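A.B. asks: Need coordinates for the below:
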Amino acid sequence: MDRYLLAKTRQYVETATRQMDDYEVANACDTTRAFLDVLSNWYIRRSRERFWAADSSTGEPVGTEAFDTLFTVLETVCRVAAPLLPLTTEEVWRGLTGERSVHLTDWPSVSDLPADDELVSAMDQVRDVCSSGSALRKGASLRNRLPLSSMTVVVAGADRLEGFEDIVADELNVKSVRLLDADHPDAASYGVSQRLTVNARAAGPRLGKDVQTAIKGSKSGDWSVTDSGVVTAGGLVLEEGEFTLETVASGGDGSATGMLPGGGFVVLDTAVTPELEAEGVARDLVRAVQQARRDAGLDVSDRIALSLVATADVADAARTHADLIRRETLATSFDVSESDLDSPVIELERA
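C.D. replies: Numbers count the residues shown, from 1 in each chain. As a prediction, this is how the structure comes out:
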């Protein structure tokens, strides 16, 4: 994650510098906004445990590499974004460095940042996979804390993503992630096909009334693509810009399929077993206990004695996943009892 963010920062500096040199201010703003999204919603969010980590014996923070990386990136971004956000970057940069002004310092040099285009490309594709998987979960009304059994990622050059499976599994709360190359024989089992859409506005001036023939051909399946890329619909050859060719995949029962921006698709197993549902209940309880900890004013490192009163099914799930609940909530003891109450009752105290 650190190497990815530093290499991504190098690309940001290169792109934003070129855009501002060419007076493309709007594009530089878009580039900055997109980078800050990666910084905040990917790197910082996924590194929170590293920022919070402390030595169990001394209580001293141990996530120094994450802090060092974040400092380097924030300081660099402030210098690049200073012409676009003069007051905000001044405030942040002074707080970071204690120096006089960001507007009096040197422009950052890309040579000070590492280049790793292969890692950036792979991680960006991982982010697309996670975004598509998250959309599939939302579309199927599957809450984030409910674990699912598996996800399959079908992309060209799938071996580039090897080693990132744990990130995808953690991000989407799935038990396993399978990578398949686009030309793998198993990929065909997911019902992959192509769909042709004729752009009537673009093709109309050239084809005239015949554009309706091409549109009917695209909808009825009377179209083809040659090995050289020539597209024909209804017996009429279409030129570039007059059509859109999409790859689509249909998931079967108990699964959902989503396309990836750069090509390929993901298949999410949406079947929920009783075991997965029980673990989901346990994770919901962890979230409730964490909120109760905050409400009680406890420090993130405080150990607690925890008790739960809940209905039989919730109590069973809590007992089955007691180790998970104890570990995630720092509970030194965990007592579970049953009742007919509609909502679980959580009681805790500092241990």
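A.B. asks: Would you map the helices across the protein?
C.D. replies: For the chain, the helices defined by DSSP state H occupy 2-21, 25-38, 45-46, 48-52, 64-81, 86-97, 117-139, 165-172, 200-207, 211-220, 274-295, 312-320, 322-329.
A.B. asks: Pick out the shakiest of those helices, pLDDT-wise.
C.D. replies: Ranked by mean pLDDT, these end with helix 48-52 at the bottom, a mean of 84.
A.B. asks: got the buried residues for that helix?
C.D. replies: For helix 48-52, a neighbour-count test (16 or more other Cβ atoms under 10 Å) marks residue 50 as buried. C-beta: built from backbone N, CA, C; applies to glycine.
A.B. asks: same deal with stretch 69-84?
C.D. replies: So for stretch 69-84, counting by 16+ other Cβ under 10 Å, buried means 69-70, 72-82, 84.
A.B. asks: got the CA positions of that stretch in PDB?
C.D. replies: Extracted C-alpha coordinates of stretch 69-84, given in PDB (Å, rounded to 0.1, in the frame of the first residue of the first chain):
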ATOM      1  CA  THR A  69       4.200   7.700   3.800                       C
ATOM      2  CA  LEU A  70       1.100   9.800   4.600                       C
ATOM      3  CA  PHE A  71       3.300  12.800   5.600                       C
ATOM      4  CA  THR A  72       5.400  12.600   2.400                       C
ATOM      5  CA  VAL A  73       2.300  12.400   0.200                       C
ATOM      6  CA  LEU A  74       0.300  15.200   2.000                       C
ATOM      7  CA  GLU A  75       3.300  17.500   1.900                       C
ATOM      8  CA  THR A  76       3.800  16.800  -1.800                       C
ATOM      9  CA  VAL A  77       0.200  17.200  -2.700                       C
ATOM     10  CA  CYS A  78       0.000  20.600  -0.800                       C
ATOM     11  CA  ARG A  79       2.800  21.900  -3.000                       C
ATOM     12  CA  VAL A  80       1.200  20.700  -6.300                       C
ATOM     13  CA  ALA A  81      -2.300  21.900  -5.300                       C
ATOM     14  CA  ALA A  82      -1.200  25.200  -3.900                       C
ATOM     15  CA  PRO A  83      -2.100  27.200  -7.100                       C
ATOM     16  CA  LEU A  84      -5.600  25.600  -7.000                       C
END
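A.B. asks: how is the protein carved up into domains?
C.D. replies: Per automatic domain parsing, the structural domains of the chain span 2-115, 118-177+254-271, 192-249, 275-350.
A.B. asks: Most tightly packed of these?
C.D. replies: Of all the domains of the chain, domain 118-177+254-271 has the most neighbours on average by mean count of other Cβ atoms under 10 Å, namely a mean of 18.
A.B. asks: picking up where we left off before, generate a markdown table for the domains of the chain, with distance to residue 185 as supplementary columns.
C.D. replies: Shown next, in a markdown table, are these (distance: least, Cβ to Cβ, whole Å):
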| stretch | distance to residue 185 |
| --- | --- |
| domain 2-115 | 32 |
| domain 118-177+254-271 | 12 |
| domain 192-249 | 12 |
| domain 275-350 | 29 |
